[in-house]
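K.L.:
requesting a structural model of the entry that follows:
(2 chains)
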Amino acid sequence: MSLTKVSLTNVVKKQYVYKLKAYSQVFMSLIFLQLLAVFFSLNGVGGMAGGDESIDVEVKYFSSDYVTAFTMLWGFITAILITTKAYRNDDFVFVTNRVSSNLSNAVFLLTASFIGGITAMLSSYLLKVIIYYFISDVPIKSTTILEAPLELLLGIFSTFLYIFLFCALGYLVGTLVQISKAFTVLLPAAFFGGLILDGLRGKSGAIAYVFEFFFTESSLPLFIVKIIVSAGLLFSGAFVLSNRLEVRA
Amino acid sequence: MMAIIPLLLTAIIIITLAILTARAVNRNVNRKGKYSYSRRVCWIFSGYVAVLLICVVLDTVHPGNIVDGWKKVDTKGLEKESIDLYDAALEGEIANIGSILRKEWSFDYHGQQLDVVVTQDEYLNASVIVERKHNNDDKIEAAFYQTRQSVNGMDITELAKPPHLEIAEDGLLLSNPKKNKIKYSEFTNVFSVKQFTGEDFFRHDSNFSGGQSILYLRIPKDLELIDKTGINLNYIEQE
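P.N.:
Predicted coordinates:
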């Protein structure tokens, strides 16, 4: 029994700072995944050929789509990873309970998402420089940061939100798996089974609807609300479910 | 001025991140002065961010082999421009419409009949419109008009060459120009930006507009043109 009273905020703060250092290896995997995505993007993400009898036009498209998608995947995996027992037991270095542990995890994932969002958008410049100086022998049409600064900010912000959403989803999935290992089979089966069923029926089902719900939203304020509400619900679900986990042996 | 604000914001975010990382690195030295694993990660990550920032600067100050000199074009009006040119040509008003006159020819011809032959290809990549003059001046005047051509919203009209025209013993020989091949790369926005800028999500907006090409011939009043290779000669109706 301790006579010292500690506030929840203080515990969360200490755990958060600790996790920034203790979980630092996730940033190594971020670098690796982003560089891998840059490598995959070097061959272009699409192309177009057109023309008539007097002219032939061939365009190759480059973008950091792969980097952003890989970073979202990284967020998802990182969130699952920190719900595993080995990581959860790290919290017992401090005076802790489920609430402080979950809150510090959420804040850590928020930070990781922000860092992931910035590096994902900046890596498009790495891609550009590699293509400019080492790969492409044809002219390149692109805009610099000075020509479209708002787009960079918009990209950082929206990518950050996407990564955070995937983190929230990963956190819920990780928590479910910790409750019962059956979910390691059930969740992928439900996801891929749903996709296959939708394909067989020739109709867009729940997965396609969820996809459209976020990815086709053209209003930024509405997009922000959707992400915050969805991530909030996913984290709340994970917080509630984590109370069902057994205490540390 | 407005463009500087987002740049400043980005700079502030990146600098803050760098300072926080540096502070974390400083606190992370263990008592023996050895680098801990998290410190090594910090260094590697800082190096990665530094490389990314260098790339941003490089892209800004020296953006490599860029597409230069291609004007932007509003593609919405191109189809109407093509129709207007064709209609104007059929009405004999092509010179008044203000479209692009790419090339003119003038040939002396004293015969009563002239074969029109497309060489090399099966057909000519232009509509041929013929206007009869009011007199027999033994001159064939030709003009090649073209509306704007575009690819992905950029004007490439000047890159397409006009056809070749030649008067020979066989008649008026027409041939398509040698094809000009254009290759370039384009960096597009990431999908998380495209969804807010109205661009096609996950796809690349590709469009090519070939424009309208018209070879306008003014021939002497009584000259008869004989189409030898199936090109459609459109005559302007005389009033």
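K.L.:
what residues does the lowest-mean-pLDDT helix or strand in chain A touch?
P.N.:
Among the helical and strand segments of chain A, the one scoring lowest on mean pLDDT, DSSP states H and E is helix A:85-90, with a mean of 72. Where contact means CB atoms under 8 Å, 6 or more residues apart in numbering or on different chains, the residues beyond helix A:85-90 that reach it are A:18-19, A:22-23, A:81-82, A:101, A:178, A:248. Using the backbone N, CA and C atoms, a C-beta is placed for each residue, glycine as well.
K.L.:
got a list of what residue A:189 touches?
P.N.:
Counting by CB under 8 Å, 6+ apart, residue A:189 has no contacts.
K.L.:
repeat that for the one 5 residues further on.
P.N.:
With contacts defined as CB under 8 Å, 6+ apart, residue A:194 is in contact with A:205-207.
K.L.:
just the CA atoms of the least confident helix or strand of chain A, as PDB, please.
P.N.:
Presented in PDB, the C-alpha positions along helix A:85-90 are these (Å, rounded to 0.1, in the frame of the first residue of the first chain):
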ATOM      1  CA  LYS A  85       0.900  -9.300 -23.400                       C
ATOM      2  CA  ALA A  86       4.600  -8.500 -23.600                       C
ATOM      3  CA  TYR A  87       3.800  -4.800 -24.300                       C
ATOM      4  CA  ARG A  88       0.900  -4.700 -21.800                       C
ATOM      5  CA  ASN A  89       3.200  -6.000 -19.000                       C
ATOM      6  CA  ASP A  90       5.500  -3.000 -19.600                       C
END
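K.L.:
quick check: phi and psi at residue B:110.
P.N.:
Reported as degrees, to the nearest 10, the phi and psi values for residue B:110 are phi -110, psi 0.
K.L.:
what residues are up against residue B:102?
P.N.:
B:144-146, B:162.
K.L.:
wait, which of the residues you listed is closest to residue A:70?
P.N.:
Distances from residue A:70 to the contacts of residue B:102, taken as CB to CB, are shortest for residue B:146 (45.3 Å).
K.L.:
what's the local residue count around the closest one?
P.N.:
24 (other CB atoms under 10 Å in any protein chain shown).
K.L.:
now the lengthiest strand in chain A: buried residues?
P.N.:
Criterion DSSP state E: the longest strand present in chain A is strand A:55-62. Across strand A:55-62, burial judged by 16 or more other CB atoms under 10 Å in any protein chain shown covers A:55, A:57-62.
K.L.:
can you narrow these to ones near chain B?
P.N.:
A:55, A:57-62 (CB under 8 Å from any CB of the partner chain).
K.L.:
show me where pLDDT drops low in the chain?
P.N.:
This is for chain A. For chain A, the stretches flagged by pLDDT under 70 are A:1-4, A:90-96, A:245-249.
K.L.:
think we crossed wires, I meant chain B
P.N.:
B:1-35, B:63-69, B:98-99, B:202, B:238-239.
K.L.:
tell me where it has strands.
P.N.:
Ranges of strands in chain B, per DSSP E, are B:100-108, B:113-118, B:127-132, B:139-146, B:150-151, B:154-155, B:164-168, B:171-175, B:180-187, B:208-209, B:213-219, B:224-227, B:233-235.
K.L.:
neighbours of the residue lying closest to residue A:78 once chain neighbours are set aside, how many?
P.N.:
Leaving aside its chain neighbours, residue A:78 sits nearest to residue A:26 (4.8 Å; criterion: CB to CB, 6 or more residues apart in numbering or on different chains). Per other CB under 10 Å, the neighbour tally for residue A:26 reads 21.
K.L.:
contacts only, for residue A:26.
P.N.:
When contacts are counted by CB under 8 Å, 6+ apart, residue A:26 touches A:74, A:78, A:81, A:112.
K.L.:
tell me which helix or strand it sits in.
P.N.:
Element membership for residue A:26 (DSSP states H and E) is helix A:25-41.
K.L.:
just residue A:113 next, same as before
P.N.:
Using DSSP H and E, residue A:113 sits in helix A:98-130.
K.L.:
circling back: quick one: which of the contacts of residue A:194 has the most company?
P.N.:
Using other CB under 10 Å as the neighbour test, the contacts of residue A:194 are led by residue A:207, with 15 neighbours.
K.L.:
look up how far residue A:63 lies from the nearest residue to that residue once chain neighbours are set aside.
P.N.:
Spatial nearest neighbour of residue A:207, excluding adjacent residues (CB to CB, 6+ apart): residue A:194 at 5.0 Å. Going from residue A:194 to residue A:63 by CB to CB, to the nearest Å gives 28 Å.
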